[in-house]
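A.B. asks: Here is my input; please provide its structure:
(one chain, ligands or ions: 2)
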Amino acid sequence: MKITFQGHACFMLEGEKSRVIIDPFLNGNPLSKIKPKDVKVDAVLVTHGHGDHLGDAVEISKTNGAPVIGTFELVNYCMGKGATGHPMHIGGGFNFPFGRVKLTIAFHSSTTDEGPAGNPCGFLVTMDKKTVYHAGDTALFSDMALIGPVDCAMIPIGDNFTMGIEDAIRAVRLVKPRVAIPMHYNTFDVIRQNPEEFRMGLEGSHTEVKILKPGESVEI
Ligand code: NI
Ligand code: MN
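C.D. replies: Ligands and ions are numbered 1, 2, ... in the order given. This next block holds a predicted model:
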């Protein structure tokens, strides 16, 4: 599986036959190198309703005929805007044609311009026999120990709205991914961080930290 970082919390996962995008915040994302019209995907996964995650999900769903996948309330919101969707809820998984998606807990909130949008979530995505964990926006929680081990984990390090580096390092030690990719930092001044500190904090652990610039990929 090829994983491409698109800045902030947005990642493209590409398997042999399928492609999905997670948290497609592209228009308005100062770090993104692509626009919604460039995105060709089979599904649009959204962790929660905040604008820096929901982003361009409705437009990408419409232009690709691809379902928005996430919690019930948020997917219903997107369907109300003309997207197609597949509502799920935390703890549930589903085998889609492109692979399996399971929703995990995330400690955060979820709102849209129309108000509360249910609970936020993280995602476990299995494609081509590889499993990745996208934590979404979340605090550290000890049940992360029940989520892994996984091939790759995308972990927020920005602090202020999510875990900072210290808790992100503890999160990685609980999830035990083979590869960890830091996210949700340096998009805005309030979440400015040095990802090298995250990498150094995990030196000697069983996890390799890959710091990706927007547009860069890693093969797992
Ligand atoms: Ni958020
Ligand atoms: Mn966020």
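
A.B. asks: And the residue nearest to the spatial centre of the chain, what's its pLDDT?
C.D. replies: By Cα atoms, centre = their mean, the mean C-alpha position of the chain lies nearest to H134, the distance being 4.1 Å. At H134, the pLDDT value in this model is 99.

A.B. asks: List the contacts of the nearest residue to T187 once chain neighbours are set aside.
C.D. replies: On the basis of Cβ to Cβ, 6 or more residues apart in numbering, the spatially nearest residue to T187 that is not a chain neighbour turns out to be H8, at 4.6 Å. All C-beta atoms are positioned from the backbone trio N, CA, C, and that covers glycine. Listed by Cβ atoms under 8 Å, 6 or more residues apart in numbering, the contact partners of H8 are D23, F25, N29, L31, S32, D52, M183, H184, T187.

A.B. asks: And for I157?
C.D. replies: Residues in contact with I157, defined by Cβ under 8 Å, 6+ apart, are M163, G164, I165, A168, P182, M183, H184, Y185, Q193, P195, F198.

A.B. asks: Near ligand 1, which residues of this structure are found?
C.D. replies: Among all residues of the chain, those adjacent to ligand 1 (criterion: Cβ under 5 Å from the ion) are H50, D137.

A.B. asks: Contact residues of the chain facing ligand 2?
C.D. replies: D52, D137.

A.B. asks: measure the closest residue to V179 other than its chain neighbours to T131 for me?
C.D. replies: Counting by Cβ to Cβ, 6+ apart, C152 is the residue found nearest to V179 once chain neighbours are left out, at 4.4 Å. C152 sits 8 Å away from T131 when distances are taken as Cβ to Cβ, to the nearest Å.
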